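K.L.:
sequence? don't have it. structure:
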């Protein structure tokens, strides 16, 4: 079964000492986390309303989704 919620986010997690200064990646990370937090509830509700699997309704999101960006729950 395909998991449509999975999006590959590739970050090598280099130590700060190896990153150029200033490193735009920190601001990009914070922006992505803020965007996820703003749209996640609505996007999940939409997916559950319009999508289904061959076995029926979508399963709820797993811990991998909630753990992104160091944790997406308030």
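P.N.:
Thanks, I have the structure now. Quick caveat: nothing in here was measured; it's all calculated off a predicted structure.
K.L.:
Name the residues of whichever helix or strand residue 46 is part of that are buried.
P.N.:
Take DSSP states H and E as the rule and residue 46 turns out to sit in helix 24-50. Neighbour-count burial for helix 24-50 flags residue 40 (criterion: 16 or more other CB atoms under 10 Å). C-betas here are computed from N, CA, C, even on glycine.
K.L.:
pLDDT below threshold where in this protein?
P.N.:
1-9, 11, 74 (pLDDT under 70).
K.L.:
ok, 80 please
P.N.:
1-13, 73-74 (pLDDT under 80).
K.L.:
for the helix holding residue 46, packing partners?
P.N.:
With contacts defined as 3 or more CB pairs under 8 Å, 6 or more residues apart in numbering; DSSP states H and E, helix 24-50 has no helix or strand neighbours.
K.L.:
Helix or strand next in line after it, which one?
P.N.:
By DSSP H and E, the next helix or strand past helix 24-50 is strand 52-53.
K.L.:
mind listing what that following strand pairs with, with the direction of each?
P.N.:
strand 56-57 (antiparallel) (DSSP bridges).
K.L.:
how much distance is there from the strand it pairs with to the middle of the chain?
P.N.:
22 Å (CA atoms, centre = their mean, to the nearest Å).
K.L.:
what's the following helix or strand after it?
P.N.:
That would be, after strand 56-57 and using DSSP H and E, helix 63-67.
K.L.:
Mind listing what's buried along that next one?
P.N.:
residue 65.
K.L.:
now swap in stretch 55-74 and tell me
P.N.:
58, 65.
K.L.:
which phi and psi does the closest residue to residue 51 other than its chain neighbours have?
P.N.:
Nearest residue to residue 51, sequence neighbours excluded (CB to CB, 6 or more residues apart in numbering): residue 58, at 5.6 Å. The phi/psi pair for residue 58 (degrees, to the nearest 10) reads phi -60, psi 150.
K.L.:
List the contacts of residue 58.
P.N.:
With contact taken as CB atoms under 8 Å, 6 or more residues apart in numbering, residue 58 is in contact with 47-48, 51-52.
K.L.:
What is the nearest of these to residue 72?
P.N.:
Among these, residue 47 lies closest to residue 72 (CB to CB), at 15.3 Å.
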